[in-house]
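Colleague: return a 3D structure for these sequence lines:
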Amino acid sequence: MQLAVVKDVGSLQEALVPLAQAGKRIALVPTMGALHEGHLALIRRAKEVADEVVLYIFVNPKQFAINEDFHKYARMLEDDIKKADEAGVAIVYAPSVEDVYPEGFSTTVSVGELGKILEGRTRPGHFDGVATVLTKMFMRVLPHVAVFGEKDYQQLCVVCRFVSDLDLPIEVIGMPTVREADGLAMSSRNMYLSVEERKIAPKMYEVLNNVGKAITGGASIKSALDQGAAALGKAGFKVDYLELRDAETLEAMDRFAAPARLLAAAWLGSTRLIDNIELE
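Modeller: Next up, the predicted model:
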């Protein structure tokens, strides 16, 4: 079908009517735009599990703190629409802030402690903003399935939690992180890196793998994490966290047991990078 680009909830609902009438299975791919190969992989997966794909593009102010990069976050809507069209997306929904949060909006969706650890420690309120906007998008699109990347692993856990807690009839699918040839996790924020920083950035993935091998090989968790943090610091990163967590609950682990996730966040210059790997 021909791509429909809509920018308000009324137009979105109008575009969804023929899909619903035809009994189409709908997949939602939520993004903040500046599409790269990682996003396109999500779209391809969505097309495998549904008949039509709705791509949501919105830089959500409620998940940015005052001192974060909301105003400089890359906005490339024209290019994103072209990529979406080539990928076979049915609807691009690119609303304004006013459309999503009309005057008087005052409701927040919170997932409690799950949103306060790891990313939530450094970015208080971030996951409340994520959960709130995604709840609105789920209610507006009413998808059968939603596809998310595992690079933002805590976000995936948050989504699974509130979808389950609120009894939303949506299947949530996580997709493995898509990486550059040198291992750097693809992210729209990578464009902020200087040439020299871009050469250093893949070290995060290298360190994660080294720490993971040490832990699964029987090394002390604390020792392995401390050595990993030191290696990141030596490479030029300012480490926010490097932690081993239960893959399902994100609870801290003092003894390795699969399934587990090794998660890291660190600053490289003025750019904050996150990554994680699965430990089995």
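
Colleague: quick one, strands of the chain?
Modeller: Listed in chain order, the strands of the chain (DSSP state E) span residues 4-6, 26-31, 52-57, 91-93, 145-149, 171-175, 238-246, 260-268, 271-279.

Colleague: in CSV: these, plus distance to Ala201 and mean pLDDT.
Modeller: In short, each C-beta sits where N, CA and C put it, glycine included. Compiled in CSV, the strands of the chain are given as follows (distance: least, Cβ to Cβ, whole Å; pLDDT from 0 to 100):
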stretch, distance to Ala201, mean pLDDT
strand 4-6, 33, 98
strand 26-31, 21, 98
strand 52-57, 25, 98
strand 91-93, 30, 98
strand 145-149, 17, 98
strand 171-175, 21, 98
strand 238-246, 13, 98
strand 260-268, 6, 98
strand 271-279, 6, 97
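
Colleague: compile the ones you listed into TSV and extend it with columns for mean neighbour count and distance to Ile215.
Modeller: Output for the strands of the chain, formatted as TSV (neighbours: other Cβ atoms under 10 Å; distance: least, Cβ to Cβ, whole Å):
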stretch	mean neighbour count	distance to Ile215
strand 4-6	18	46
strand 26-31	25	32
strand 52-57	25	36
strand 91-93	24	42
strand 145-149	23	24
strand 171-175	17	22
strand 238-246	18	6
strand 260-268	22	7
strand 271-279	20	6
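
Colleague: how about those strands in TSV, adding distance to Glu197?
Modeller: Formatted as TSV, the strands of the chain follow (distance: least, Cβ to Cβ, whole Å):
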stretch	distance to Glu197
strand 4-6	34
strand 26-31	24
strand 52-57	27
strand 91-93	32
strand 145-149	22
strand 171-175	26
strand 238-246	12
strand 260-268	5
strand 271-279	7
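
Colleague: so which of the ones you listed is nearest Asn67?
Modeller: Nearest to Asn67 among the strands of the chain is strand 271-279 (11.3 Å), distances taken as Cβ to Cβ.

Colleague: which neighbours does that closest one have in its sheet, and in what orientation?
Modeller: Using DSSP bridges, the strands paired with strand 271-279 in its sheet are strand 260-268 (antiparallel).

Colleague: shaky segments in the chain?
Modeller: In the prediction, the chain carries no residues with pLDDT under 70.

Colleague: okay, now the domains of it?
Modeller: 4-175, 188-279 (automatic domain parsing).

Colleague: quick one: end-to-end length of the first one, please.
Modeller: Domain 4-175 has an end-to-end distance of 25 Å (criterion: Cα to Cα, to the nearest Å).

Colleague: do the last one as well
Modeller: Chord length of domain 188-279, first to last residue, is 26 Å (Cα to Cα).

Colleague: for Val147, see how far away the nearest residue to Lys62 once chain neighbours are set aside is.
Modeller: The shortest distance from Lys62 to any non-neighbouring residue, by Cβ to Cβ, 6 or more residues apart in numbering, is to Gly129 (3.3 Å). According to Cβ to Cβ, to the nearest Å, Gly129 stands 20 Å off from Val147.

Colleague: residues in contact with the nearest residue to Val97 once chain neighbours are set aside?
Modeller: In space, and not counting its chain neighbours, Val97 is closest to Pro61: 6.1 Å by Cβ to Cβ, 6+ apart. Contacts for Pro61 (Cβ atoms under 8 Å, 6 or more residues apart in numbering) come out as Phe70, Val97, Tyr101, Gly129.

Colleague: and for Cys160?
Modeller: Contacts of Cys160 (Cβ under 8 Å, 6+ apart): Val172.

Colleague: ok, now how distant is it from Val211?
Modeller: 25 Å.
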